[in-house]
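Engineer: Give the three-dimensional model of this entry:
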Amino acid sequence: MNAVEIEEAVSDLAQQPFDSAEFPFAFLAAFGNKEATIKRLRTGNTNKSDVGGVLQRNNIHIAVADTGETVETLARLKASPLTERQKAKFILATDGAQVEAEEIGSGEVLSCRYDELGNNFGFFLPLAGISTVAEVKNNPIDIKATSRLNRLYVQLLKDNADWGSADKRGDLNRFMARMIFCFFAEDTGIFQGDDLFTTTVQTMTEADGSNTRDVLLRLFGAMNTKAPDGAARPGLPAWADKFPYVNGGLFADDIGCPTFSRTSRAYLLRAGELDWKTINPDIFGSMIQAVADDDERGELGMHYTSVPNIQKVLDPLFLDDLREQLEAAGTNKRKLYNLRQRLSRVRVFDPACGSGNFLVIAYIRMREIEDEIMRRRGEALTRSVISLTQFYGIEIKSFAAEIARLSLLIAEFQCDVRFIGQAEARALVLPLHATGNIRQGNALRIDWEEVCPPVTTSPEEQDLGGPTGRLNLEGGGEEWETYICGNPPYLGGKSQSDIQKEDLRTAFNTSKKIGELDYVSGWVIVASSYVEKVHSKAAFVVTSSLSQGAQVHQLWPRIFDRDQEIFFAHRSFKWANNAKANAAVICIIIGLARRSAADARLFDNGVEQKVVSISPYLTAGKRMVVNQELKSIFGMPAMLTGNSPYDGGNLILDRDEVYKVIEKNPEVRRFIKPLYGSYDYLNGSGRYCIWIPDHEVADALENSFILDRVEQVKASRQVGGQVAKGLAKRPHSFRYTHQSKKSAIIAPRVSSERREYIPFGLLPDGVIVSDSAQAIYDPELWVLATILSRLHMTWVRAVSGRLKTDIRYSSGLAYNTFPVPKLTETDKANLTRCAEDILLAREAHFPATIAELYDPEKMPDDLRAAHDCNDETLERIYIGRRFRNDTERLEKLFDMYTKMTAKKAG
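Structural biologist: Okay, the predicted model is just below:
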């Protein structure tokens, strides 16, 4: 269930007569628990409560209290040993009149009337696996409004099938925007009279909805008709003439009106019952945009990005600079005036604006700075110098674009109420002027300079826009500042459609394949082009893959060639919104600007570091790009990809199969070898493979079991892809047949980000390495010590790609480029002893798996000590002492890499 569905279910429950026996189960059902789960709780099979309630493990402990004893009952729930033992996240007590609840982890409490439970559903959203933020939890109007409008939208599509077509869907979206404005206007006093819009619709329309369309068209006409001074507007009935002239483009076009049924009319009126004056334009806008998208409606109410995350982009992009200028101005009226003038010439442009939440937050923060300016000057604010026409956006979905325009209007009115006064805001708001410049379309196919032109007309020549209009300060002529920001869509190379791949080729201005680049890279490269031509800076939330692995050398040289730099960055963090499935979205924030002498700002877990420059790997350092290499440029032995079977599963055996086969056919033992991939090695699981040297094929095929398996391999390859078909002539073997003579180092291709080291291992002769891992065959043991080091891990973290949050180990990027100094025989002997100590420490904890041994919370002390000794030995070879931190490690490694690549180029 999504957040909107949960709100509806909890609200319905709170309005029904209280049933003490049924309440716990109905409450759990409202949060998406399945019927079978609830049935088990009813029968007591999974109900562990020791206070006569219902206790669901890892979820909630509920008890129905005697009348007036909810506080005491909650205390019993909290004191219950089983509440802690069963790891309940919440406790809840109610007597049908009052509700008391507590979130165990945070200690946050809820106390409300039972009939207000629907207004507090956000408190319990974690029960449904939905992370949330305080803005949503404490102000449920945004989800309630989304819920009501979703029902209306879906019903209107049922009542008006033709309005679901591509030609009419845009009109339906604009119709919904008009409804939202009317609900907001009647609850904020923009319309004169209590609930003027909802009351008029309820009074003037038939219950069956038959004339609702006609009434609404009359109202649309009224709001698009100017009134003669002091006179009624001709042709309007008295009930419609009560509505003011609005225009501003919102009611200007003849989009018609859908037909209403009894049900859709009821949904319209029910939406009007809400108190819309407390709506949050950034939250509501983000949630409501899914209403018009059939594919996204299942996630309705889920896509809200928190203000702190948005400000990770906006603050270092330009708001911090404005605030610094404010602090430097102090109470100097001339400096404060100049700053206010600067605010009037700041443009914010989001080329993936969705419903406009980045633009809305930027607008609100700019208005807050302006208010502080006026407070320090000792003057009352009567009109803002900040116009909505300073805000630009591109959005591919028409409804989201409409909501973005409307959200800016709502934000402006709310700011006027907050900073000027309610009565003054109402007097200034109508008629509407132009709102934000939001263009609907594909941002990777539209010329951004047409949307947000490089040369802006003078204030006298442009539409000042906004309900209040923008106050034109005297003086000026300064250059306009443009700040590009946003959270463009993420799609890895393998997830992109043909159209999206073509979008990227358009963005990169090439007809060639783009490679592995994420879809979001299109916004980065187009922003770079814009920054090259226009006085501007840009900052985006992007996938962390743009600072890792192969994508670095595919993207960043193009940007650096334009003499641009990363002037601020946030290192990897989880970009959380209100959705269930956001855990795997690991993002970074990058700020692009023309090169300057100013220090760059590098953020990591909230800690800021001032650095001379930021590398594309988001480290302090030069604009260095590490390129893939086919072999080690520092003379390390070759690391090869493991052996690929291309066998349809027929050359692979599990442990049980091997025992049965050898029991019946002892002679096949010599053709079966242990097989290790990354998972097998890390987790100690055993697999085997049929391994037949070319000179022994005839002997092997005399066995019926092997013959049958080989024939199945041949059949599988014959219907496979081009590579598989090419291997059908030798169905007895893997594609590659690499094998050690003495030993092999196995390198897992994916390793958990939590590990302090990638746990490379040493395999004996006779073990085959599969293609889910890589291998160094017959190495000297000091090689293992070198890559089992923190130095190597630091390099890997910087240059390797990621699979979600895990490290994707690439020989071409991480191993072949790893800087290693020239080692003496003494160095090699010392490192060999270190490798032996690490292997012995592992062996001492048999049968613990490698994954268990390298869990950072469970790593044995002797193994950690062996690694620490190895780190010290290796680091002293590099610089004669231990490195102070990873920053110093990377500086040394990048310096060595730079010198080596320069030497190669020379």
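Engineer: For Glu103, give me its contacts.
Structural biologist: The contact partners of Glu103, by CB atoms under 8 Å, 6 or more residues apart in numbering, come to 89-90, 109, 123, 126. From N, CA and C alone the C-beta is placed, and that goes for glycine too.
Engineer: Swap in 6 Å and give it another go.
Structural biologist: Listed by CB atoms under 6 Å, 6 or more residues apart in numbering, the contact partners of Glu103 are Phe90.
Engineer: Need phi/psi at it.
Structural biologist: phi -90, psi 120 (degrees, to the nearest 10).
Engineer: From the contact counts, what lies against the longest strand along the chain?
Structural biologist: Criterion DSSP state E: the longest strand present in the chain is strand 564-574. Counting contacts by 3 or more CB pairs under 6 Å, 6 or more residues apart in numbering; DSSP states H and E, strand 564-574 packs against strand 586-594, strand 600-604.
Engineer: So which bits of the next helix or strand after the shortest one are buried?
Structural biologist: Downstream of strand 600-604, the first helix or strand assigned by DSSP states H and E is strand 607-611. Within strand 607-611, the residues scored as buried using 16 or more other CB atoms under 10 Å are Val611.
Engineer: need the next SSE after strand 607-611, C-terminal direction.
Structural biologist: Next helix or strand after strand 607-611 toward the C-terminus (DSSP H and E): strand 640-641.
Engineer: Listing partners with orientation, what would you give for that next one?
Structural biologist: Pairing partners of strand 640-641, with direction, according to DSSP bridges: strand 773-777 (antiparallel).
Engineer: The closest residue to Phe508 other than its chain neighbours - how many residues pack around it?
Structural biologist: Using CB to CB, 6 or more residues apart in numbering and skipping the chain neighbours, the partner closest in space to Phe508 is Ile525 (5.7 Å). Look at Ile525: counted by other CB atoms under 10 Å, it has 20 neighbours.
Engineer: rewinding a little: deepest of the helices and strands packed on strand 564-574, which one?
Structural biologist: strand 586-594 (a mean of 21; mean count of other CB atoms under 10 Å).
Engineer: now the helix or strand hosting the residue nearest to Phe508 and strand 586-594, what's the angle there?
Structural biologist: Using DSSP H and E, Ile525 sits within helix 521-533. Interaxial angle, helix 521-533 versus strand 586-594 (axes from the mean of the first three to the mean of the last three CA atoms, to 10 degrees): 20 degrees.
Engineer: Quick check: which ranges of this protein have low pLDDT?
Structural biologist: Scanning the chain for pLDDT under 70 picks out 1-4, 130-140, 230, 248, 282-305, 455-478, 493-494, 575-585, 804-805, 906.
Engineer: mind redoing it with 50?
Structural biologist: Applying pLDDT under 50 to the chain flags residues 133, 135-136, 296-304, 457-468, 578-584.
Engineer: What residues of stretch 695-715 count as buried?
Structural biologist: Neighbour counts over stretch 695-715 (16+ other CB under 10 Å) mark 697, 700, 703, 706, 709-710, 712-714 as buried.
Engineer: do the same with stretch 856-875
Structural biologist: By neighbour count on 16+ other CB under 10 Å, the buried set for stretch 856-875 is 859, 863, 866-867, 870-875.
Engineer: which ones among those residues are found in helices?
Structural biologist: Among the buried residues of stretch 856-875, the members found in helices (DSSP state H) are 863, 866-867, 870-875.
Engineer: so can I have JSON lines of those showing distance to Arg178?
Structural biologist: Shown next, in JSON lines, are these (distance: CB to CB, whole Å):
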{"residue": "Leu863", "distance to Arg178": "67"}
{"residue": "Ala866", "distance to Arg178": "70"}
{"residue": "His867", "distance to Arg178": "66"}
{"residue": "Asn870", "distance to Arg178": "69"}
{"residue": "Asp871", "distance to Arg178": "66"}
{"residue": "Glu872", "distance to Arg178": "70"}
{"residue": "Thr873", "distance to Arg178": "73"}
{"residue": "Leu874", "distance to Arg178": "68"}
{"residue": "Glu875", "distance to Arg178": "67"}
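Engineer: Just checking: what are the partner strands of the longest strand of the chain?
Structural biologist: With DSSP bridges as the criterion, the sheet partners recorded for strand 564-574 are strand 586-594 (antiparallel), strand 600-604 (parallel).
Engineer: Please enumerate the helices of the stretch 101-250 of the chain.
Structural biologist: Ranges of helices within the stretch 101-250 of the chain are 134-138, 141-159, 166-188, 196-204, 212-222, 238-241, based on DSSP state H, counting those that start in this stretch.
Engineer: helices and strands around the last one, which ones?
Structural biologist: When contacts are defined as 3+ CB pairs under 6 Å, 6+ apart, helix 238-241 sits against helix 212-222.
Engineer: residues making contact with the helix it packs on?
Structural biologist: So helix 212-222 is contacted by 204-205, 236, 240, 243, 251, 257, 259-260, 265 (CB under 6 Å, 6+ apart).
Engineer: What residues sit buried inside that helix?
Structural biologist: By neighbour count on 16+ other CB under 10 Å, the buried set for helix 212-222 is 212-213, 215-216, 218-222.
Engineer: Just want the angle from that helix to helix 196-204.
Structural biologist: Using the same axes, to 10 degrees: helix 212-222 against helix 196-204 is 140 degrees.
Engineer: Roughly how far does Glu273 sit from Tyr267?
Structural biologist: As defined by CB to CB, to the nearest Å, Glu273 lies at a distance of 11 Å from Tyr267.
Engineer: let me fix that: Gln192
Structural biologist: From Gln192 to Tyr267 the distance is 26 Å (CB to CB).
Engineer: do Phe603 as well
Structural biologist: Phe603 is 45 Å from Tyr267, by CB to CB.
Engineer: Repeat that for Lys144.
Structural biologist: Distance from Lys144 to Tyr267, by CB to CB: 13 Å.
Engineer: Now render the strands paired with strand 564-574 as TSV, adding distance to Thr786.
Structural biologist: Conversion of the strands paired with strand 564-574 to TSV gives the following (distance: least, CB to CB, whole Å):
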stretch	distance to Thr786
strand 586-594	28
strand 600-604	27
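Engineer: Out of those strands, flag the one nearest Ala63.
Structural biologist: Among those, strand 586-594 comes nearest to Ala63, with 40.4 Å by CB to CB.
Engineer: and Asp171, how far is that from Gly209?
Structural biologist: Taking CB to CB, one finds Asp171 at 19 Å from Gly209.
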